[in-house]
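Q: sequence first, then the predicted structure:
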Amino acid sequence: MIRPLAILLFALGAIAFAQPVIPQPEPGEWQIEALNDEGWAELDLETGIARGTNGVMFRYGGAVVTAESMTVDENSGEVSADGRVRIQREEQIWSGDHLLYNFQTHQIQAHQFRTGKNPVFIEGQGLRGDISNHVYYATNASITTEDLSHPILKIRAKRIKIVPGKRVEAQHATLYVGSAPVFYFPYYSRNLGPRANNFNFVPGFRTSYGPFLLSSYNWFLGDDLDGTLHLDYRERRGVGLGPDVNYRLGQWGEGSVRYYYLHDLDPNASLTNSISKDRDRFYYSYLSAPFTNFEVRSVVNYQSDLGVQHDFFESDYRQNPQPSTYVEANKFWQNFSLDLYVQPRINDFYETVTRLPDVRLTGYRQQILDTPLFYESESSAGYYKRLFAETNSLPPSPAFAAARADTFHQILLPETFFGWLNITPRVGERVTYYSDASGAGATTHDLTRNVFNTGAEASFKASRAWPGIQNKMFEVDGLRHIIEPSVNYVYVPHPNYAGTNEIPQFDYELPSLRLLPIDFPDYNSIDSIDSQNVMRFGIHNKLQTKRGGESVNLVNWDVYTDWRLKPQRAQSTFSDLFSDFVLKPRSWLTIESIARYNLENGQFTMGLDTLTIHPNDVWSWSLGQYYLADNYNSVPGGWGQGNNLFASTVFYRLNENWAFRAAHRFNARTGSLEEQGYSVYRDLRSWTAALTLRYRQNTGGPDDFGVAFTFSLKAFPRFGLGSDTAHATRLLGS
């Protein structure tokens, strides 16, 4: 069902065309002149009446009138214009075949008129208004967002009042679809412009919801305050509601406040169990730069339970399944920055390291006086507490807390030899103090750890060009090869204290699919620092060509690995070999590959490969594979069970009105099509609509089927450009 209040939104917007600036006469003067060699204009000094034809222009006080012919009465101030008439004052334009304008009283009249600025257009009869006050009245007017002579959707009103950029008031207004009236408004008034209030509705069905209707009302109070009111109904889950508020305080920052509450009729339909029926979430953000080089930001993410975001805000959950809460203030200078970071825990079902507070002073790499030496540093101090997740199934591990003060200082000597070889030796020292740990899980005592580090990095860049190479098939217009080999050696002797039994683990090393940094201060897992004797080898290749007058990378390839001269426990001599590869054989074809290869057993441990074809705006196809081998190592770096997924997304525009998108995800390990989604898009001139179906096989719960209908007014689009592709769950209302 088409909601009339939402469709009326088409009629609301600024009514203006961007026009070139025309030089104005002196204040109090008016001018009339011909627009071309065939036109002419003359003034009768006795009567004060000017006439012109074959294309003339009249200017006075910021107003410009152009027409095939016109008559100007200097005494009464009335301008009578005929034939392709256009009246412009500032950015406002009115057009018609016959218009009357009084340049003394600024009144305008027309029997028939047209005006508009994409995406809002108006035509009607009986126009009259005051150009100086920007208030206009018309009768028998039609308002639409379709730039066509016969629009499908329009609003007709017997009488309207238009205040451009502010509001429109309509009396006896009727919404028409084609020639059929569908809704009547005895009186209606709303704001104009791109920030006009509007409704959004998403009806649909989902296995875990039943039939549902998600509704929202977007409101605007000036440029500094706006928001959304949500009122949702899910047949199996009940009613959910809450406001979103966005505020802007100028110099003092901007932010958002969001709250959502649901009395869940079936909370155990979630992937988690033993959940209260009263479920809610609260979000707050603030970002400000009140002074030069000073920033303050804060984020609060509260959830009543582990599954509320998973169940009802799928797009947010996929982006960040474990959001944090913090307050941070940064002050920047030329060579230093000071950071204050506070992180409490407000969701006890997430493991969190609280920082109350964490103060950090960073010294950027800087020259020491007039010497060839450079200096960099990083120092921090705070009180930390590691709290483990509390769930209904298992008791949490006991918490522990301690104070920590850490300072790191490093001297570097960058040199260039032979004009091309860059070598940067370095030497540094880190001192970290830990207080006696407290809490039920405390096992460490007061101690001071000393860490010495040294090493050197060497690299060079070489290139060669072949400007004469041409190839139309691969869009090659000359070639240039750039190669950048590098080696980075790091030596850290065994610290006086190391390991989880001696040092409380707050900033600890997490499993990673990529190689972690090996030198300080880039390696920031302070509490996991141990001895190192390693060399990182890397080579970066780029093959460039010219396309469209610009240099582009035809090939961009990084290969790197670590040679551990003295491996730590459970480490091999060589780390996996990593490869980051991008190939663009055509401007519309991209091949990307991120691979991880085990040099010892000769097997790939990770692969992320994608093929993207986007030759035009008619169709595109993206095909990818994500492979991850099992890794159950208990030491840092073990990520557990792997996977082997294939994904495909196809978009095809059938014609100007219809488009289709299909997305699939296949699990090669289980042999199942885990997820499949289909969307059909329809362009309805004033608005676009999409019907989306999705079926998902859940390994930890029942299969999920969903279907939803979304529509977006072109005047006030629901989604940003491409956002429904990047976050396809939004087409299902989540």
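A: Done, it's in.

Q: show me where this protein has its helices.
A: Secondary structure of the chain (DSSP state H): helices located at 4-7, 308-312, 314-319, 723-726.

Q: for stretch 670-684, give the mean pLDDT please.
A: Stretch 670-684 shows a mean pLDDT of 89.

Q: nope, stretch 655-666 is what I meant
A: Rounded mean pLDDT across stretch 655-666 is 92.

Q: per-residue pLDDT, the closest residue to residue 349 other than its chain neighbours?
A: Nearest-residue entry for residue 349: residue 306, 4.5 Å, with adjacent residues in sequence omitted and distances by Cβ to Cβ, 6 or more residues apart in numbering. (Glycine included, C-beta is placed from N, CA and C.) Predicted confidence (pLDDT) at residue 306: the value is 87.

Q: give me phi/psi at residue 306?
A: Reported as degrees, to the nearest 10, the phi and psi values for residue 306 are phi -70, psi -30.

Q: what about it, how many residues nearby?
A: Per other Cβ atoms under 10 Å, the neighbour tally for residue 306 reads 21.

Q: I'd say it and residue 322 touch.
A: No - using Cβ atoms under 8 Å, residue 306 is not in contact with residue 322; the gap is 9.6 Å.

Q: so where's the stretch 501-650 of the chain shaky on pLDDT?
A: Within the stretch 501-650 of the chain, the stretches with pLDDT under 70 are 634-637.

Q: if you could redo that for the stretch 201-350 of the chain, that was the one I meant.
A: The model of the stretch 201-350 of the chain has pLDDT under 70 over residues 270-273.

Q: ok, back up a step: overlap in contacts of residue 306 and residue 322?
A: By Cβ atoms under 8 Å, 6 or more residues apart in numbering, residue 306 and residue 322 have these common neighbours: residue 350.

Q: could you pull out the strands for the stretch 1-150 of the chain?
A: Counting by DSSP state E, counting those that start in this stretch, one finds strands in the stretch 1-150 of the chain at the ranges 30-34, 40-44, 49-53, 56-60, 63-67, 69-73, 78-89, 92-102, 107-117, 120-130, 135-144.

Q: just the angle between the last one and strand 92-102, please?
A: Relative orientation of strand 135-144 with respect to strand 92-102: 130 degrees, computed using axes from the mean of the first three to the mean of the last three Cα atoms, to 10 degrees.

Q: distance to residue 216, mean neighbour count and mean pLDDT added to the strands of the stretch 1-150 of the chain, as a markdown table?
A: Listed next are the strands of the stretch 1-150 of the chain as a markdown table, based on distance: least, Cβ to Cβ, whole Å; neighbours: other Cβ atoms under 10 Å; pLDDT from 0 to 100:
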| stretch | distance to residue 216 | mean neighbour count | mean pLDDT |
| --- | --- | --- | --- |
| strand 30-34 | 51 | 17 | 84 |
| strand 40-44 | 56 | 14 | 83 |
| strand 49-53 | 54 | 19 | 89 |
| strand 56-60 | 47 | 22 | 86 |
| strand 63-67 | 42 | 22 | 87 |
| strand 69-73 | 50 | 20 | 90 |
| strand 78-89 | 38 | 20 | 86 |
| strand 92-102 | 33 | 20 | 82 |
| strand 107-117 | 27 | 19 | 78 |
| strand 120-130 | 22 | 20 | 78 |
| strand 135-144 | 24 | 20 | 81 |
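
Q: and the closest residue to residue 58 other than its chain neighbours, how far from residue 33?
A: The shortest distance from residue 58 to any non-neighbouring residue, by Cβ to Cβ, 6+ apart, is to residue 65 (4.3 Å). Per Cβ to Cβ, to the nearest Å, residue 65 is found 12 Å from residue 33.

Q: repeat for residue 254
A: From residue 254 to residue 33 the distance is 49 Å (Cβ to Cβ).

Q: same check, this time on residue 353
A: Residue 353 sits 76 Å away from residue 33, taking Cβ to Cβ as the criterion.

Q: circling back: now for residue 65 and residue 33: what residues contact both?
A: Common contacts of residue 65 and residue 33 (Cβ under 8 Å, 6+ apart): residue 57.

Q: and the nearest residue to residue 642 once chain neighbours are set aside, what does it touch?
A: Counting by Cβ to Cβ, 6+ apart, the nearest residue to residue 642 once its immediate chain neighbours are dropped is residue 628, at 3.8 Å. Shown in contact with residue 628 (Cβ under 8 Å, 6+ apart): 513, 605, 606, 639, 642, 643, 644.

Q: do that again at 7 Å, thanks
A: 606, 642, 643 (Cβ atoms under 7 Å, 6 or more residues apart in numbering).

Q: what does residue 38 give?
A: Residue 38 makes contacts with 54, 55, as judged by Cβ under 7 Å, 6+ apart.

Q: okay, it: pLDDT?
A: In this model, residue 38 is scored at 83, pLDDT.

Q: ok, now residue 28?
A: The per-residue pLDDT reported for residue 28 equals 55.

Q: repeat that for residue 470.
A: Among the per-residue scores, residue 470 holds a pLDDT of 92.

Q: and what of residue 716?
A: Predicted confidence (pLDDT) for residue 716: 57.

Q: so residue 302 bridges to which residues?
A: Beta-bridge partners recorded for residue 302 (DSSP bridges): residue 282.

Q: my guess is it meets residue 280, correct?
A: No - contact criterion Cβ atoms under 7 Å: residue 302 and residue 280 do not qualify, at 8.1 Å.

Q: now do the strands in the stretch 301-450 of the chain.
A: Assigned by DSSP E, counting those that start in this stretch, the strands in the stretch 301-450 of the chain fall at 326-332, 336-343, 352-367, 374-387, 400-412, 415-417, 421-434, 447-460.

Q: could those strands go into JSON lines alongside mean neighbour count and distance to residue 293?
A: Below are these laid out as JSON lines (neighbours: other Cβ atoms under 10 Å; distance: least, Cβ to Cβ, whole Å):
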{"stretch": "strand 326-332", "mean neighbour count": "16", "distance to residue 293": "4"}
{"stretch": "strand 336-343", "mean neighbour count": "16", "distance to residue 293": "9"}
{"stretch": "strand 352-367", "mean neighbour count": "17", "distance to residue 293": "13"}
{"stretch": "strand 374-387", "mean neighbour count": "19", "distance to residue 293": "19"}
{"stretch": "strand 400-412", "mean neighbour count": "19", "distance to residue 293": "23"}
{"stretch": "strand 415-417", "mean neighbour count": "10", "distance to residue 293": "32"}
{"stretch": "strand 421-434", "mean neighbour count": "17", "distance to residue 293": "27"}
{"stretch": "strand 447-460", "mean neighbour count": "17", "distance to residue 293": "30"}
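
Q: will you turn the ones you listed into CSV that also has distance to residue 152?
A: Output for the strands of the stretch 301-450 of the chain, formatted as CSV (distance: least, Cβ to Cβ, whole Å):
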stretch, distance to residue 152
strand 326-332, 50
strand 336-343, 54
strand 352-367, 54
strand 374-387, 59
strand 400-412, 66
strand 415-417, 69
strand 421-434, 66
strand 447-460, 63
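
Q: of all the ones you listed, which lies closest to residue 661?
A: Closest of the strands of the stretch 301-450 of the chain to residue 661 is strand 326-332, at 37.1 Å (criterion: Cβ to Cβ).

Q: and the angle for the closest one with strand 336-343?
A: Using the same axes, to 10 degrees: strand 326-332 against strand 336-343 is 170 degrees.

Q: figure out how far strand 326-332 is from the centre of its chain.
A: Chain-centre distance of strand 326-332: 22 Å, with Cα atoms, centre = their mean, to the nearest Å.
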